[in-house]
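S.K.: coords please:
(one chain, ligands or ions: 1)
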Amino acid sequence: MRTVRFGVSLPENLIRNFDEWIRSKQYPNRSEAIRDLIRKALIDEAVQSDQVVLGVLNIVYDHHKRALSDELAHLQHDYYHLIISVTHVHLDHDNCLEVILLKGKARDVQRLSDKIIALKGVKHGKLYVTSVQNV
Ligand code: NI
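M.R.: Predicted coordinates for the structure are as follows:
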């Protein structure tokens, strides 16, 4: 894809703080950092305007918890149209990690993730949202 150069004027203290941030995040240069920040803004906008997004939902749960595995399977079948894949890892004697890959309208992905995270026995859950549109 063709790239375009443009100049930006910034207050001195802002660029000083930005350069410090760039170093702490290990960006090789300002351009790469700015590209990522712009993409992040566009992905946030995609979520706000309920566009199709990809979601990676991580949950850690106790598989001894009565009925939880059944409830999880039940929910995943109810919302199969939002789920691309599920990876299950037996972490130790008690705990399981599930990585659920979702694709759909931002609100549907968020709502299903909230529902899963709120299940009794799910100890920790986190949704990461990304998009390939407009970025
Ligand atoms: Ni397991």
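S.K.: touching, Lys25 and Ala33? I think so.
M.R.: Yes: if you go by Cβ atoms under 8 Å, Lys25 and Ala33 touch, sitting 6.9 Å apart. (Glycine included, C-beta is placed from N, CA and C.)
S.K.: tell me which of those two has more neighbours.
M.R.: Ala33 (18 against 10; other Cβ atoms under 10 Å).
S.K.: shouldn't the more buried one be within a helix?
M.R.: Yes: under DSSP: H, G, I helix; E, B strand; the rest coil, Ala33 falls within a helix.
S.K.: for Glu71, give me its contacts.
M.R.: Leu119 (Cβ atoms under 8 Å, 6 or more residues apart in numbering).
S.K.: up against the ion, what does this structure have?
M.R.: By Cβ under 5 Å from the ion, the residues of the chain that approach the ion are 90, 96.
S.K.: which helix or strand contains the residue of the chain found nearest the ion?
M.R.: Per Cβ to the ion, Cys96 is where the chain lies closest to the ion, at 3.2 Å. Using DSSP states H and E, Cys96 falls within strand 95-105.
S.K.: contacts for that strand, please.
M.R.: In contact with strand 95-105 (Cβ under 8 Å, 6+ apart) are residues 50-63, 72, 76, 81-91, 109, 112-113, 116, 123.
S.K.: pLDDT on the helix or strand just after that strand, on average?
M.R.: Beyond strand 95-105 on the C-terminal side, the first helix or strand identified by DSSP H and E is helix 106-117. Across helix 106-117, pLDDT averages out at 97.
S.K.: identify each buried residue in helix 106-117, please.
M.R.: Buried residues in helix 106-117, counted by 16 or more other Cβ atoms under 10 Å: 106, 108-110, 112-113, 116-117.
S.K.: that helix packs against which elements?
M.R.: If you count contacts as 3 or more Cβ pairs under 8 Å, 6 or more residues apart in numbering; DSSP states H and E, helix 106-117 packs onto helix 30-48, strand 52-62, helix 68-78, strand 95-105, strand 122-130.
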